[in-house]
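K.L.:
got a sequence here, can you model it:
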Amino acid sequence: SMQDAGVVAVLRLMQKHWRIMLLFMILGTLAGVLYITNATRIYRAVAALEMNVRRPKVIANDAVIEDLGSGRDADAIFNTRFEKFKSPDMERLATHESFDRYSTKKTPDNPAGIGRADLAPLIRDVEWRKDSDANIVRVSYSSPHPRFAANLVNVLSDCAGQLMMEENRAKSDEAVKWLISQVEEQRVELEELEAELAEMRKDAQIDALQQRRTALGQSIISVTKERETLISELMARRTVYDYIKGLQEPESGVELLPVGLPKGQQLNELFDEWRAAHDEFLQASGRYTALHPDYRSAQDKELRARTRLEQFVAYAVKEVENEITLMERQIEKAGERIESMKTESLELEQRYTAGMQKVQRLERARDAADTSYQTLLRRT
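P.N.:
Numbers count the residues shown, from 1 in each chain. Got it, this is the predicted structure:
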(Lines give C-alpha, C1' and ligand atoms only; values in the text may rest on other atoms or scores of the structure.)
Protein backbone atom coordinates (compact mmCIF):
# COMPACT_ATOMS: atom_id res chain seq x y z
CA SER A 1 0.00 0.00 0.00
CA MET A 2 1.01 3.67 -0.15
CA GLN A 3 1.57 3.81 3.63
CA ASP A 4 3.97 0.85 3.53
CA ALA A 5 5.81 2.41 0.61
CA GLY A 6 6.31 5.63 2.61
CA VAL A 7 7.73 3.78 5.60
CA VAL A 8 10.17 1.92 3.37
CA ALA A 9 11.28 5.21 1.80
CA VAL A 10 11.95 6.77 5.24
CA LEU A 11 13.98 3.73 6.33
CA ARG A 12 16.05 3.91 3.16
CA LEU A 13 16.69 7.63 3.72
CA MET A 14 17.79 7.04 7.30
CA GLN A 15 20.09 4.23 6.19
CA LYS A 16 21.61 6.46 3.63
CA HIS A 17 22.19 9.52 5.92
CA TRP A 18 22.73 7.86 9.34
CA ARG A 19 26.03 9.62 9.93
CA ILE A 20 24.42 13.05 9.65
CA MET A 21 21.61 12.07 11.98
CA LEU A 22 24.01 10.69 14.56
CA LEU A 23 26.00 13.90 14.42
CA PHE A 24 22.87 16.00 15.11
CA MET A 25 21.95 13.76 18.04
CA ILE A 26 25.39 14.12 19.57
CA LEU A 27 25.35 17.89 19.11
CA GLY A 28 21.83 18.12 20.64
CA THR A 29 22.87 16.05 23.65
CA LEU A 30 25.97 18.20 24.21
CA ALA A 31 23.87 21.39 23.91
CA GLY A 32 21.35 20.05 26.46
CA VAL A 33 24.05 19.09 28.92
CA LEU A 34 25.71 22.46 28.48
CA TYR A 35 22.33 24.25 29.04
CA ILE A 36 21.52 22.24 32.13
CA THR A 37 24.99 22.76 33.50
CA ASN A 38 24.93 26.54 33.03
CA ALA A 39 21.13 27.21 33.60
CA THR A 40 19.85 28.80 36.84
CA ARG A 41 18.22 26.29 39.19
CA ILE A 42 14.58 27.06 40.04
CA TYR A 43 13.21 25.82 43.40
CA ARG A 44 9.53 25.45 44.14
CA ALA A 45 8.16 25.86 47.68
CA VAL A 46 4.68 24.47 48.34
CA ALA A 47 2.38 24.61 51.40
CA ALA A 48 -1.04 23.05 51.88
CA LEU A 49 -3.67 24.83 53.99
CA GLU A 50 -6.84 23.19 55.29
CA MET A 51 -9.67 25.70 55.23
CA ASN A 52 -12.57 24.58 57.42
CA VAL A 53 -15.75 26.48 56.66
CA ARG A 54 -17.58 25.25 59.77
CA ARG A 55 -17.81 27.68 62.64
CA PRO A 56 -18.04 26.86 66.36
CA LYS A 57 -20.56 28.36 68.72
CA VAL A 58 -21.42 27.93 72.40
CA ILE A 59 -24.81 26.73 73.63
CA ALA A 60 -25.50 26.06 77.32
CA ASN A 61 -21.77 26.13 78.12
CA ASP A 62 -21.03 23.23 75.71
CA ALA A 63 -18.91 23.85 72.65
CA VAL A 64 -20.49 22.37 69.56
CA ILE A 65 -19.87 22.61 65.83
CA GLU A 66 -22.59 24.18 63.74
CA ASP A 67 -22.52 22.90 60.18
CA LEU A 68 -23.68 25.23 57.47
CA GLY A 69 -27.09 24.73 56.00
CA SER A 70 -25.97 23.52 52.55
CA GLY A 71 -22.94 22.72 50.42
CA ARG A 72 -23.72 25.76 48.31
CA ASP A 73 -23.20 28.04 51.33
CA ALA A 74 -19.95 26.28 52.15
CA ASP A 75 -18.71 26.70 48.58
CA ALA A 76 -19.58 30.40 48.66
CA ILE A 77 -17.61 30.94 51.87
CA PHE A 78 -14.71 28.84 50.61
CA ASN A 79 -14.51 30.75 47.30
CA THR A 80 -14.81 34.13 49.03
CA ARG A 81 -11.96 33.35 51.38
CA PHE A 82 -9.90 31.91 48.54
CA GLU A 83 -10.23 35.15 46.58
CA LYS A 84 -9.10 37.15 49.63
CA PHE A 85 -5.78 35.28 49.53
CA LYS A 86 -5.05 36.99 46.20
CA SER A 87 -6.32 40.42 47.24
CA PRO A 88 -4.34 43.66 47.83
CA ASP A 89 -4.96 43.16 51.55
CA MET A 90 -2.89 39.99 51.36
CA GLU A 91 -0.12 41.84 49.47
CA ARG A 92 0.10 44.56 52.12
CA LEU A 93 -0.10 42.11 55.01
CA ALA A 94 2.45 39.69 53.54
CA THR A 95 4.85 42.54 52.67
CA HIS A 96 4.64 43.94 56.19
CA GLU A 97 4.99 40.51 57.80
CA SER A 98 7.90 39.50 55.57
CA PHE A 99 9.96 42.58 56.41
CA ASP A 100 9.11 42.21 60.07
CA ARG A 101 10.71 38.78 59.96
CA TYR A 102 13.45 39.10 57.41
CA SER A 103 15.93 41.82 56.46
CA THR A 104 15.94 43.60 53.10
CA LYS A 105 19.67 43.03 52.84
CA LYS A 106 21.22 39.95 51.33
CA THR A 107 21.14 37.28 54.02
CA PRO A 108 20.62 33.52 54.02
CA ASP A 109 16.94 34.25 54.66
CA ASN A 110 16.80 36.84 51.86
CA PRO A 111 19.62 35.92 49.47
CA ALA A 112 18.10 38.02 46.68
CA GLY A 113 18.18 41.19 48.79
CA ILE A 114 14.64 42.06 47.74
CA GLY A 115 13.24 45.32 49.15
CA ARG A 116 9.69 46.36 49.94
CA ALA A 117 9.02 47.86 46.52
CA ASP A 118 10.06 44.63 44.80
CA LEU A 119 8.23 42.19 47.06
CA ALA A 120 4.61 43.09 46.21
CA PRO A 121 4.92 42.17 42.47
CA LEU A 122 6.56 38.88 43.46
CA ILE A 123 3.65 38.09 45.78
CA ARG A 124 1.32 38.48 42.80
CA ASP A 125 3.28 35.69 41.09
CA VAL A 126 2.48 33.28 43.89
CA GLU A 127 0.20 30.49 42.74
CA TRP A 128 -2.93 29.73 44.75
CA ARG A 129 -4.73 26.55 43.79
CA LYS A 130 -7.83 24.87 45.20
CA ASP A 131 -7.98 21.13 45.67
CA SER A 132 -11.02 19.76 43.85
CA ASP A 133 -11.54 16.86 46.28
CA ALA A 134 -11.09 18.56 49.66
CA ASN A 135 -11.14 21.94 51.39
CA ILE A 136 -7.42 22.30 50.76
CA VAL A 137 -5.68 25.36 49.36
CA ARG A 138 -2.16 24.95 48.03
CA VAL A 139 0.18 27.93 47.82
CA SER A 140 3.39 27.66 45.83
CA TYR A 141 6.19 29.90 44.64
CA SER A 142 9.15 29.25 42.35
CA SER A 143 12.49 31.03 42.79
CA PRO A 144 16.21 30.43 42.23
CA HIS A 145 16.59 31.12 45.96
CA PRO A 146 15.09 28.18 47.87
CA ARG A 147 15.27 29.87 51.28
CA PHE A 148 13.49 32.95 49.95
CA ALA A 149 10.80 30.83 48.27
CA ALA A 150 10.24 28.84 51.47
CA ASN A 151 10.14 31.99 53.60
CA LEU A 152 7.65 33.67 51.27
CA VAL A 153 5.35 30.63 51.23
CA ASN A 154 5.52 30.40 55.02
CA VAL A 155 4.72 34.10 55.37
CA LEU A 156 1.77 33.77 52.98
CA SER A 157 0.50 30.72 54.88
CA ASP A 158 0.65 32.61 58.17
CA CYS A 159 -0.97 35.69 56.62
CA ALA A 160 -3.79 33.54 55.25
CA GLY A 161 -4.44 32.40 58.80
CA GLN A 162 -4.31 36.00 60.04
CA LEU A 163 -6.81 37.10 57.39
CA MET A 164 -9.18 34.35 58.45
CA MET A 165 -8.74 35.21 62.14
CA GLU A 166 -9.43 38.86 61.41
CA GLU A 167 -12.54 37.86 59.47
CA ASN A 168 -13.67 35.54 62.28
CA ARG A 169 -12.92 38.22 64.87
CA ALA A 170 -14.93 40.78 62.93
CA LYS A 171 -17.84 38.36 62.60
CA SER A 172 -17.57 37.37 66.26
CA ASP A 173 -17.46 40.99 67.36
CA GLU A 174 -20.48 41.73 65.22
CA ALA A 175 -22.29 38.67 66.60
CA VAL A 176 -21.44 39.60 70.20
CA LYS A 177 -22.54 43.18 69.57
CA TRP A 178 -25.82 41.89 68.19
CA LEU A 179 -26.19 39.49 71.13
CA ILE A 180 -25.53 42.27 73.63
CA SER A 181 -28.21 44.41 72.00
CA GLN A 182 -30.58 41.44 72.08
CA VAL A 183 -29.75 40.80 75.74
CA GLU A 184 -30.56 44.40 76.58
CA GLU A 185 -33.84 44.27 74.65
CA GLN A 186 -34.74 40.98 76.33
CA ARG A 187 -33.82 42.36 79.76
CA VAL A 188 -36.07 45.39 79.23
CA GLU A 189 -38.89 43.14 78.03
CA LEU A 190 -38.42 40.86 81.06
CA GLU A 191 -38.50 43.80 83.48
CA GLU A 192 -41.64 45.15 81.80
CA LEU A 193 -43.32 41.76 82.10
CA GLU A 194 -42.29 41.48 85.77
CA ALA A 195 -43.75 44.92 86.47
CA GLU A 196 -46.92 44.11 84.53
CA LEU A 197 -47.23 40.81 86.42
CA ALA A 198 -46.84 42.53 89.79
CA GLU A 199 -49.42 45.15 88.78
CA MET A 200 -51.77 42.43 87.57
CA ARG A 201 -51.45 40.55 90.88
CA LYS A 202 -52.19 43.80 92.69
CA ASP A 203 -55.20 44.65 90.54
CA ALA A 204 -56.59 41.12 90.60
CA GLN A 205 -56.01 40.90 94.39
CA ILE A 206 -55.06 37.26 94.00
CA ASP A 207 -53.68 36.87 97.53
CA ALA A 208 -56.65 38.65 99.14
CA LEU A 209 -59.12 36.63 97.09
CA GLN A 210 -57.37 33.41 98.04
CA GLN A 211 -57.48 34.31 101.73
CA ARG A 212 -61.14 35.29 101.51
CA ARG A 213 -61.98 32.05 99.68
CA THR A 214 -60.28 30.03 102.40
CA ALA A 215 -62.02 31.98 105.18
CA LEU A 216 -65.42 31.60 103.46
CA GLY A 217 -64.92 27.88 103.04
CA GLN A 218 -64.16 27.50 106.74
CA SER A 219 -67.14 29.71 107.67
CA ILE A 220 -69.50 27.67 105.50
CA ILE A 221 -68.35 24.47 107.21
CA SER A 222 -68.73 26.06 110.66
CA VAL A 223 -72.20 27.52 110.00
CA THR A 224 -73.35 24.27 108.39
CA LYS A 225 -72.34 22.39 111.55
CA GLU A 226 -74.15 24.96 113.69
CA ARG A 227 -77.27 24.58 111.55
CA GLU A 228 -77.15 20.81 111.81
CA THR A 229 -76.79 21.11 115.60
CA LEU A 230 -79.78 23.47 115.73
CA ILE A 231 -81.86 21.08 113.61
CA SER A 232 -81.00 18.24 115.98
CA GLU A 233 -81.90 20.37 119.02
CA LEU A 234 -85.12 21.49 117.31
CA MET A 235 -86.19 17.89 116.82
CA ALA A 236 -85.55 17.24 120.53
CA ARG A 237 -87.53 20.33 121.57
CA ARG A 238 -90.43 19.31 119.34
CA THR A 239 -90.48 15.95 121.05
CA VAL A 240 -90.65 17.75 124.40
CA TYR A 241 -93.34 20.06 123.02
CA ASP A 242 -95.45 17.16 121.84
CA TYR A 243 -95.17 15.58 125.27
CA ILE A 244 -96.04 18.75 127.20
CA LYS A 245 -98.82 19.51 124.77
CA GLY A 246 -100.21 16.07 125.56
CA LEU A 247 -100.30 16.96 129.24
CA GLN A 248 -103.03 19.47 128.45
CA GLU A 249 -105.27 16.71 127.17
CA PRO A 250 -107.88 15.50 129.65
CA GLU A 251 -107.04 12.36 131.56
CA SER A 252 -103.45 12.34 130.36
CA GLY A 253 -101.50 9.78 132.29
CA VAL A 254 -98.12 10.76 133.60
CA GLU A 255 -95.92 8.12 135.03
CA LEU A 256 -92.41 9.39 134.25
CA LEU A 257 -91.56 12.86 132.87
CA PRO A 258 -88.88 12.96 130.11
CA VAL A 259 -85.58 14.77 130.51
CA GLY A 260 -85.33 18.33 129.13
CA LEU A 261 -88.68 19.71 130.24
CA PRO A 262 -88.69 23.42 131.17
CA LYS A 263 -88.24 23.69 134.93
CA GLY A 264 -88.57 19.95 135.15
CA GLN A 265 -87.99 19.82 138.94
CA GLN A 266 -90.81 22.28 139.63
CA LEU A 267 -93.06 20.40 137.23
CA ASN A 268 -92.31 17.16 139.03
CA GLU A 269 -93.18 18.81 142.35
CA LEU A 270 -96.48 20.06 140.97
CA PHE A 271 -97.24 16.62 139.60
CA ASP A 272 -96.45 15.06 143.00
CA GLU A 273 -98.62 17.66 144.73
CA TRP A 274 -101.49 17.00 142.33
CA ARG A 275 -101.13 13.22 142.69
CA ALA A 276 -101.25 13.52 146.50
CA ALA A 277 -104.32 15.79 146.36
CA HIS A 278 -105.93 13.51 143.82
CA ASP A 279 -105.32 10.43 145.98
CA GLU A 280 -106.69 12.24 149.01
CA PHE A 281 -109.77 13.26 147.02
CA LEU A 282 -110.33 9.69 145.91
CA GLN A 283 -110.18 8.51 149.52
CA ALA A 284 -112.62 11.22 150.66
CA SER A 285 -115.01 10.40 147.85
CA GLY A 286 -115.02 6.79 149.01
CA ARG A 287 -115.88 7.74 152.56
CA TYR A 288 -118.10 10.77 152.28
CA THR A 289 -120.84 12.17 150.16
CA ALA A 290 -120.44 15.24 148.03
CA LEU A 291 -121.97 17.40 150.74
CA HIS A 292 -119.51 16.37 153.43
CA PRO A 293 -117.02 19.09 154.45
CA ASP A 294 -114.01 16.71 154.16
CA TYR A 295 -115.11 15.75 150.66
CA ARG A 296 -115.37 19.37 149.61
CA SER A 297 -112.05 20.20 151.27
CA ALA A 298 -110.30 17.38 149.42
CA GLN A 299 -112.08 18.36 146.20
CA ASP A 300 -110.95 22.00 146.52
CA LYS A 301 -107.41 20.94 147.30
CA GLU A 302 -107.29 18.64 144.26
CA LEU A 303 -108.76 21.42 142.06
CA ARG A 304 -106.19 23.96 143.23
CA ALA A 305 -103.37 21.48 142.63
CA ARG A 306 -104.69 20.66 139.13
CA THR A 307 -105.13 24.36 138.34
CA ARG A 308 -101.53 25.16 139.34
CA LEU A 309 -100.34 22.18 137.32
CA GLU A 310 -102.36 23.19 134.25
CA GLN A 311 -101.13 26.78 134.50
CA PHE A 312 -97.56 25.60 134.77
CA VAL A 313 -98.01 23.19 131.84
CA ALA A 314 -99.49 26.00 129.75
CA TYR A 315 -96.52 28.18 130.66
CA ALA A 316 -94.11 25.34 129.76
CA VAL A 317 -95.90 24.81 126.43
CA LYS A 318 -95.55 28.50 125.63
CA GLU A 319 -91.90 28.51 126.63
CA VAL A 320 -91.11 25.50 124.45
CA GLU A 321 -93.07 27.08 121.60
CA ASN A 322 -90.90 30.19 121.95
CA GLU A 323 -87.76 28.05 121.97
CA ILE A 324 -88.91 26.21 118.85
CA THR A 325 -89.74 29.49 117.09
CA LEU A 326 -86.33 30.91 118.01
CA MET A 327 -84.54 27.77 116.79
CA GLU A 328 -86.50 27.82 113.54
CA ARG A 329 -85.46 31.45 113.00
CA GLN A 330 -81.86 30.60 113.84
CA ILE A 331 -81.93 27.66 111.41
CA GLU A 332 -83.46 29.88 108.74
CA LYS A 333 -80.87 32.60 109.29
CA ALA A 334 -78.09 30.01 109.28
CA GLY A 335 -79.42 28.72 105.95
CA GLU A 336 -79.53 32.25 104.58
CA ARG A 337 -75.96 32.87 105.77
CA ILE A 338 -74.83 29.65 104.14
CA GLU A 339 -76.51 30.56 100.83
CA SER A 340 -75.10 34.09 101.01
CA MET A 341 -71.60 32.77 101.68
CA LYS A 342 -71.94 30.22 98.87
CA THR A 343 -73.00 32.99 96.48
CA GLU A 344 -70.07 35.13 97.60
CA SER A 345 -67.74 32.13 97.34
CA LEU A 346 -68.93 31.50 93.77
CA GLU A 347 -68.33 35.15 92.84
CA LEU A 348 -64.90 35.02 94.46
CA GLU A 349 -64.13 31.81 92.59
CA GLN A 350 -65.06 33.44 89.29
CA ARG A 351 -62.98 36.54 90.05
CA TYR A 352 -60.08 34.41 91.26
CA THR A 353 -60.22 32.16 88.17
CA ALA A 354 -60.37 35.13 85.80
CA GLY A 355 -57.51 36.85 87.64
CA MET A 356 -55.42 33.68 87.72
CA GLN A 357 -55.90 33.16 83.98
CA LYS A 358 -54.50 36.63 83.32
CA VAL A 359 -51.70 36.13 85.84
CA GLN A 360 -50.80 32.71 84.44
CA ARG A 361 -50.76 34.09 80.90
CA LEU A 362 -48.33 36.78 82.02
CA GLU A 363 -46.32 34.23 84.00
CA ARG A 364 -45.94 32.08 80.89
CA ALA A 365 -44.83 35.13 78.91
CA ARG A 366 -42.46 36.09 81.74
CA ASP A 367 -41.01 32.55 81.92
CA ALA A 368 -40.52 32.46 78.15
CA ALA A 369 -38.80 35.87 78.24
CA ASP A 370 -36.60 34.75 81.14
CA THR A 371 -35.61 31.55 79.31
CA SER A 372 -34.75 33.56 76.20
CA TYR A 373 -32.83 36.07 78.32
CA GLN A 374 -30.79 33.35 80.08
CA THR A 375 -30.09 31.65 76.73
CA LEU A 376 -28.82 34.92 75.25
CA LEU A 377 -26.63 35.49 78.32
CA ARG A 378 -25.06 32.03 77.96
CA ARG A 379 -24.50 32.56 74.24
CA THR A 380 -22.95 35.97 74.86
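K.L.:
for this protein, which segments count as strands?
P.N.:
For the chain, the strands defined by DSSP state E cover 43-50, 55-59, 62-66, 127-130, 136-143.
K.L.:
mean pLDDT lowest where, among those?
P.N.:
Lowest mean pLDDT within the strands of the chain: strand 62-66, at a mean of 42.
K.L.:
residues contacting Gln283?
P.N.:
Ala298 (C-beta atoms under 8 Å, 6 or more residues apart in numbering). For the C-beta atoms, the positions are set from N, CA and C on the backbone; glycine is no exception.
K.L.:
quick check: it vs Gly161, distance?
P.N.:
Distance, Gln283 to Gly161, by C-beta to C-beta, to the nearest Å: 141 Å.
K.L.:
and what of Arg329?
P.N.:
99 Å.
K.L.:
cool, Ala9 as well?
P.N.:
From Ala9 to Gly161 the distance is 65 Å (C-beta to C-beta).
K.L.:
same check, this time on Leu326
P.N.:
102 Å.
K.L.:
do the same with Leu190
P.N.:
41 Å.
K.L.:
next one: Asp242
P.N.:
According to C-beta to C-beta, Asp242 stands 111 Å off from Gly161.
K.L.:
report pLDDT for Ala9.
P.N.:
pLDDT, Ala9: 73.
K.L.:
contacting residues for Glu167?
P.N.:
By C-beta under 8 Å, 6+ apart, Glu167 lies in contact with Arg81, Lys84.
K.L.:
in stretch 171-188, which residues are buried?
P.N.:
Buried residues in stretch 171-188, counted by 16 or more other C-beta atoms under 10 Å: Val183, Gln186.
K.L.:
mean confidence score for that stretch?
P.N.:
For stretch 171-188, mean pLDDT rounds to 85.
K.L.:
kindly report the same for stretch 238-257.
P.N.:
Across stretch 238-257, the average pLDDT comes to 62.
K.L.:
neighbour count for Leu190 and Gly161, which is higher?
P.N.:
Leu190 (20 against 12; other C-beta atoms under 10 Å).
K.L.:
show me the contacts for that one.
P.N.:
With contact taken as C-beta under 8 Å, 6+ apart, Leu190 is in contact with Arg366, Ala369, Asp370, Tyr373.
K.L.:
10 Å instead?
P.N.:
Going by C-beta atoms under 10 Å, 6 or more residues apart in numbering, Leu190 touches Ala365, Arg366, Asp367, Ala368, Ala369, Asp370, Thr371, Ser372, Tyr373, Gln374.
K.L.:
CSV for those residues, including distance to Lys358?
P.N.:
Listed next are those as CSV, based on distance: C-beta to C-beta, whole Å:
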residue, distance to Lys358
Ala365, 11
Arg366, 12
Asp367, 15
Ala368, 16
Ala369, 17
Asp370, 18
Thr371, 21
Ser372, 21
Tyr373, 22
Gln374, 25
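K.L.:
which of the residues you listed sits closest to Asp75?
P.N.:
Nearest to Asp75 among those is Ser372, at 33.5 Å by C-beta to C-beta.
K.L.:
excluding chain neighbours, what is closest to the closest one?
P.N.:
Excluding the flanking residues, the one nearest Ser372 by C-beta to C-beta, 6 or more residues apart in numbering is Gln186, at 5.6 Å.
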